[in-house]
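Q: sequence and predicted structure, then a few things I'm wondering about:
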Amino acid sequence: MPVPVAVAPTVHEMLVRAIEDGGGRFEPDPARARGLQWVGKDPVELRRLLESCPGIEWVQLSGAGVDRWTADGVVADGRIWTSAKGAYSEPVAEHALTLLRSLPQRVRATSWGSPTAVTLYDAHVVLVGGSGGIGREFARLVEPFRARVTTVRRSPEHEHEHPTDRLHRLLPDADAVVVACALTPRTRHLIDEAALRAMPRHAVLVNVARGPVVDTTALVRALDSRWIAGAGLDVTDPEPLPDGHPLWGRSDCLVTPHTADTPDMIRPLLAERLRDNVARMLRGERLTGVIDPEAGY
């Protein structure tokens, strides 16, 4: 029998097609569904829906980052929870590469200026959070540049990977630091003043993960004091970044408003993840993107 899967709080035709393409059946009433594709952003609203729908066994979240859901505790309810982690890796990794190469002063140039530039060729990149899809895709993208990528992750598995507690030892040799890890209590302010002071003056920081992984106050101080050469941020803390914030309008900091993956990019990628997981559920296989409540992602 096809698995009944609902979409809430709003229904998107592309997601309905994905359910059917995966061999499932779209169920308009969540109370009669076994699976739920949640496209909302409010944990309280989701908790209320699930309390009235005990038959839902599996919840697919639309985001790759799940910090708001794990912090609220809604994920730890005995159901199978999956996120879109890894689904959006290509556009986000592409954006990280763009932030590394796009000097803010050249982007905003209104006069010829001085001939400054950076290159990724033969650079040493410290990648924070390389176990996820974004990190793996970024490492693949910089291969043609002969860049040496050193990965920092919670549980190293290969020779070029290091545990998080070794981060500060690796930073003095970095030409660029790319942050692509999940936001958890362990990674909040992982890039703090000590980390920024450890980076070379020519190094660039890029964050495409979550804003609070970087201590914003420390980053402003690092840029003001020229501890590092610059920063490229697609995420900030606070977010949205308020008008008039010290990070806006700088010649050494490029901020994009959390647009590494736009809605038009996300929809087909989320639909493919949903289609795949519906098919896996029908076959009795492990779903893709299962969330570990203890790890926080």
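A: Cool, the structure landed. Residues are numbered from 1 along each chain as shown.

Q: from here on, just use CA atoms for contacts and neighbour counts.
A: Fine.

Q: could you chop this structure up by domain?
A: Domain ranges of the chain: 4-87+262-283, 89-255, per automatic domain parsing.

Q: okay if I get the ones you listed as CSV plus distance to residue 293?
A: Shown next, in CSV, are the domains of the chain (distance: least, C-alpha to C-alpha, whole Å):
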stretch, distance to residue 293
domain 4-87+262-283, 6
domain 89-255, 10
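
Q: as a markdown table, the ones you listed with mean neighbour count would be great.
A: As requested, the domains of the chain are exported to a markdown table (neighbours: other C-alpha atoms under 10 Å):
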| stretch | mean neighbour count |
| --- | --- |
| domain 4-87+262-283 | 19 |
| domain 89-255 | 18 |
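
Q: quick one, which of the ones you listed is nearest to residue 295?
A: The closest of the domains of the chain to residue 295 is domain 89-255. By C-alpha to C-alpha, the value is 7.6 Å.

Q: now do that closest one, average pLDDT.
A: Over the span of domain 89-255, the pLDDT mean works out to 93.

Q: chain center to that domain, what's the gap?
A: 13 Å (C-alpha atoms, centre = their mean, to the nearest Å).

Q: show the contacting residues for the residue nearest the centre of the chain.
A: Residue closest to the mean C-alpha point of the chain, counted by C-alpha atoms, centre = their mean, is residue 209 at 4.0 Å. Contact partners of residue 209, counting by C-alpha atoms under 8 Å, 6 or more residues apart in numbering, are 179-183, 235.

Q: one more time with 7 Å, if that's ok
A: 179-182, 235 (C-alpha atoms under 7 Å, 6 or more residues apart in numbering).

Q: and residue 152, by the same measure?
A: 127-130, 161-164, 167.

Q: ramachandran coordinates for it?
A: Residue 152 has phi and psi values of phi -120, psi 120 when expressed as degrees, to the nearest 10.

Q: for it, give the beta-bridge partners.
A: Beta-bridge pairing for residue 152 (DSSP bridges): residue 128, residue 162.

Q: quick check: it vs residue 275, distance?
A: Going from residue 152 to residue 275 by C-alpha to C-alpha, to the nearest Å gives 32 Å.

Q: over to residue 73?
A: Counting by C-alpha to C-alpha, the gap from residue 73 to residue 275 is 27 Å.

Q: try residue 15
A: 8 Å.

Q: which neighbours do the two share?
A: Counting by C-alpha under 7 Å, 6+ apart, nothing touches both residue 15 and residue 275.

Q: which parts of the protein are strands?
A: Using DSSP state E, the strands found in the chain span residues 4-8, 25-26, 35-38, 58-61, 80-82, 124-128, 148-153, 161-163, 176-179, 204-207, 230-233, 253-255.
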